[in-house]
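A.B. asks: Can you look at this prediction? I've put the sequence above it.
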Amino acid sequence: MITIKCAKCKRRVFRYVKIGKGRVLHCWKDRIVKDYSVHDGNEVKCQCGNLIGIDEGKWVKMKQRSFIY
């Protein structure tokens, strides 16, 4: 399990169950345990307003360099 944080303000965005090695390119919605993000239409943002990703149905396509984990 990993905690995905905003790259700007270091605030928590997701608690996510990651399987396997490699980068986080998208997050499957059924693996998100805790969601601290703000949803604005299909955009997933941090509470500070930083765009973290785009909601694409079954997953959230993550915007690289806008988050850390």
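C.D. replies: Structure's in. What do you need?

A.B. asks: Please look at Ile68 and Thr3 and confirm they touch.
C.D. replies: No. Using C-beta atoms under 8 Å as the test, Ile68 is too far from Thr3 to be in contact (9.3 Å). Heads up, the C-betas are built off the backbone N, CA and C, glycines and all.

A.B. asks: the strands in the chain, which residues?
C.D. replies: With DSSP state E applied, the chain shows strands at 2-6, 12-16, 26-28, 32-35, 38-40, 43-45, 51-55, 59-62, 67-68, listed in chain order.

A.B. asks: contact partners of the first one?
C.D. replies: Spelled out, it's strand 2-6. 11-16, 18, 24, 27, 46, 48, 50, 52, 66-69 (C-beta atoms under 8 Å, 6 or more residues apart in numbering).

A.B. asks: thinking again about what came up before, would you mind giving the strands of the chain as JSON lines with mean pLDDT and mean neighbour count added?
C.D. replies: Formatted as JSON lines, the strands of the chain follow (pLDDT from 0 to 100; neighbours: other C-beta atoms under 10 Å):
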{"stretch": "strand 2-6", "mean pLDDT": "93", "mean neighbour count": "18"}
{"stretch": "strand 12-16", "mean pLDDT": "93", "mean neighbour count": "21"}
{"stretch": "strand 26-28", "mean pLDDT": "93", "mean neighbour count": "17"}
{"stretch": "strand 32-35", "mean pLDDT": "93", "mean neighbour count": "14"}
{"stretch": "strand 38-40", "mean pLDDT": "91", "mean neighbour count": "12"}
{"stretch": "strand 43-45", "mean pLDDT": "93", "mean neighbour count": "18"}
{"stretch": "strand 51-55", "mean pLDDT": "94", "mean neighbour count": "18"}
{"stretch": "strand 59-62", "mean pLDDT": "94", "mean neighbour count": "20"}
{"stretch": "strand 67-68", "mean pLDDT": "92", "mean neighbour count": "17"}
